[in-house]
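[1] sequence and predicted structure, then a few things I'm wondering about:
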Amino acid sequence: MAQRKKGKTTQIRIIKTQGEWNMILNKIVPTGNQEHSLLHLSIYIRRKVLKIKNLLEEIPEDSVLWMAGDKLTKRPYIDNEIMADIKLIALKTKLTETEVIDRLIITPLLQPQP
């Protein structure tokens, strides 16, 4: 049985469309250095994980974190005309209607604002 090289493991798989990967990599890979994009992605993830870990170490354990709490389901009212537009977007992007709203509209609201 082959032995894994120490320090070089990949336990996480992230699945995104080519367009999503292009957008992500354009934000984290220096211009003109696309041939090493996977290395830059790994370094970026490592840097972000360490920042989050350090942040969590600074916060008292009994404090409430912004991401804490039970999972809640919200069902906003969406009129039929907009729902038709959502279905068209879902068809073109090969996402479900829920994924269109979640990924393209709701999730960006969780991102820090500049």
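    Thanks, I have the structure now. Numbering: from 1, shown residues only.

[2] sketch out the low-pLDDT regions of this protein for me.
    1-10, 32-34, 59-68, 112-114 (pLDDT under 70).

[3] kindly state the domain boundaries assigned to it.
    13-68, 70-114 (automatic domain parsing).

[4] any chance of JSON lines for those domains, columns mean neighbour count?
    C-beta coordinates here come from the backbone N, C-alpha and C atoms, glycine included. Output for the domains of the chain, formatted as JSON lines (neighbours: other C-beta atoms under 10 Å):
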{"stretch": "domain 13-68", "mean neighbour count": "10"}
{"stretch": "domain 70-114", "mean neighbour count": "10"}
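
[5] look at Y77 and give its secondary structure.
    coil (DSSP: H, G, I helix; E, B strand; the rest coil).

[6] ok, now how distant is it from H36?
    47 Å (C-beta to C-beta, to the nearest Å).

[7] for stretch 28-35, measure first residue to last.
    Across stretch 28-35, the terminal residues are separated by 13 Å (C-alpha to C-alpha, to the nearest Å).

[8] can you map out the helices along the protein?
    Taking DSSP state H as the test, the helices found in the chain are 18-28, 37-58, 80-93, 97-101.

[9] and the first one, what does it pack onto?
    Taking 3 or more C-beta pairs under 8 Å, 6 or more residues apart in numbering; DSSP states H and E as the contact definition, the neighbouring helices and strands of helix 18-28 are helix 37-58.

[10] circling back to that earlier point, okay, the helices of the chain in CSV with distance to G69 next?
    Output for the helices of the chain, formatted as CSV (distance: least, C-beta to C-beta, whole Å):
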stretch, distance to G69
helix 18-28, 27
helix 37-58, 16
helix 80-93, 27
helix 97-101, 21
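
[11] so which of those gets nearest K71?
    helix 97-101 (14.5 Å; C-beta to C-beta).

[12] for the closest one, packing partners?
    helix 80-93.

[13] send the alpha carbons of the helix it packs on over as PDB?
    The C-alpha trace of helix 80-93 is given here as PDB (Å, rounded to 0.1, in the frame of the first residue of the first chain):
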ATOM      1  CA  ASN A  80     -44.800  35.000 -10.100                       C
ATOM      2  CA  GLU A  81     -43.200  37.500 -12.500                       C
ATOM      3  CA  ILE A  82     -39.900  37.400 -10.500                       C
ATOM      4  CA  MET A  83     -40.200  33.600 -10.000                       C
ATOM      5  CA  ALA A  84     -40.300  33.200 -13.800                       C
ATOM      6  CA  ASP A  85     -37.000  35.300 -14.000                       C
ATOM      7  CA  ILE A  86     -35.500  33.100 -11.300                       C
ATOM      8  CA  LYS A  87     -36.400  30.000 -13.300                       C
ATOM      9  CA  LEU A  88     -34.800  31.400 -16.400                       C
ATOM     10  CA  ILE A  89     -31.600  32.300 -14.500                       C
ATOM     11  CA  ALA A  90     -31.600  28.800 -13.000                       C
ATOM     12  CA  LEU A  91     -32.000  27.200 -16.400                       C
ATOM     13  CA  LYS A  92     -29.100  29.300 -17.800                       C
ATOM     14  CA  THR A  93     -26.800  28.700 -14.900                       C
END
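
[14] alright, calling it a day.
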